[in-house]
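[1] Pasting a predicted model and its sequence here:
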Amino acid sequence: MKIEKVMTYYGYDLLINEVLHKKCLKCEKWYKFERELGYCYSCIREMKEKGKG
């Protein structure tokens, strides 16, 4: 497994086996970057469920 830090304006992202990972703004877990969301999928799901209530 190859892990590299990729420096960004706000800190760093991780490049794990040539796949970019970003840190969730809410729970701070790393998620695989697919598009600029800012949050991991579990936090997005949680926010959607709270919004329906």
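    Structure received. Here the structure is a predicted model, which means the values were calculated and not measured.
[2] What is the lowest-mean-pLDDT helix or strand in the chain packed up against?
    Least confident helix or strand, the chain: helix 41-52 with a mean of 90, by mean pLDDT, DSSP states H and E. Helices and strands touching helix 41-52, by 3 or more CB pairs under 8 Å, 6 or more residues apart in numbering; DSSP states H and E: there are none. Yep, even glycine has a C-beta here, placed from its N, CA and C like the rest.
[3] shouldn't residue 31 be in contact with residue 25?
    No: using CB atoms under 8 Å, residue 31 makes no contact with residue 25, being 10.6 Å away.
[4] Between those two, tell me which one has more neighbours.
    residue 31 (18 against 11; other CB atoms under 10 Å).
[5] Quick check: beta-bridge partners of that one?
    Assessed by DSSP bridges, residue 31 has beta-bridge partners residue 22.
[6] now residue 18: how far from residue 50?
    With distances taken as CB to CB, to the nearest Å, residue 18 is found 35 Å from residue 50.
[7] Also residue 33?
    Residue 33 sits 24 Å away from residue 50, going by CB to CB.
[8] Lovely, talk soon.
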